[in-house]
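output the structure for:
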Amino acid sequence: MPQVTYTDHTGESRTVDATVGDSVMETAVRNGVPGIVAECGGSLSCATCHVYVDEADLASLPPMEEMEDEMLWGAADERRDNSRLSCQLKIAEGSDLHVTTPTTQV
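As a prediction, the model looks like this:
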């Protein structure tokens, strides 16, 4: 079963089992992972599910689309080269992802 490891800005990590086809955001919300607000519920109209993807995992993800790229400019915390919106990251079979939540989402 795929897993997602969420690390908060203090370095505390939590690994949860994920369902193929769900997003990293849906997995966080369903499992009560702090640091993912997901105000819009995954409709790509806010940036409150901003995460920093572990550099080793970036190549396994599909490229960012234009709308996600634009939304990230409105993120509350610093945008980095490895910034993504967790609502746009779908869990694939056999994938284990590692993401870090920013200091704040709002």
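
ranges for the strands of the protein?
For the chain, the strands defined by DSSP state E cover 3-7, 13-17, 50-53, 83-85, 96-100.

with mean neighbour count as added columns, please give these in a markdown table.
C-beta: built from backbone N, CA, C; applies to glycine. What follows is the strands of the chain, written out as a markdown table (neighbours: other C-beta atoms under 10 Å):
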| stretch | mean neighbour count |
| --- | --- |
| strand 3-7 | 19 |
| strand 13-17 | 13 |
| strand 50-53 | 24 |
| strand 83-85 | 23 |
| strand 96-100 | 20 |
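
so what pLDDT did the nearest residue to residue 60 once chain neighbours are set aside get?
Among residues not flanking residue 60 along the chain, residue 95 sits closest, at 6.4 Å (C-beta to C-beta, 6 or more residues apart in numbering). We have a pLDDT of 89 for residue 95.

that older thread, which one, of the strands of the chain, ends up nearest to residue 74?
Distance to residue 74, taken as C-beta to C-beta, is lowest for strand 50-53 among those, at 9.4 Å.

now for the closest one, which elements pack on it?
Contact here means 3 or more C-beta pairs under 8 Å, 6 or more residues apart in numbering; DSSP states H and E; on that basis strand 50-53 packs against strand 83-85, strand 96-100.

among these, which comes closest to residue 75?
Of the helices and strands packed on strand 50-53, nearest to residue 75 by C-beta to C-beta is strand 83-85, at 6.8 Å.

strand partners of that closest one, parallel vs antiparallel please.
Applying DSSP bridges, strand 83-85 is found paired with strand 50-53 (antiparallel).

returning to that earlier point: adding distance to residue 9, write the helices and strands packed on strand 50-53 out as a markdown table.
Formatted as a markdown table, the helices and strands packed on strand 50-53 follow (distance: least, C-beta to C-beta, whole Å):
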| stretch | distance to residue 9 |
| --- | --- |
| strand 83-85 | 14 |
| strand 96-100 | 7 |
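
need phi/psi at the residue nearest to residue 60.
Dihedral pair for residue 95: phi -100, psi 140, per degrees, to the nearest 10.
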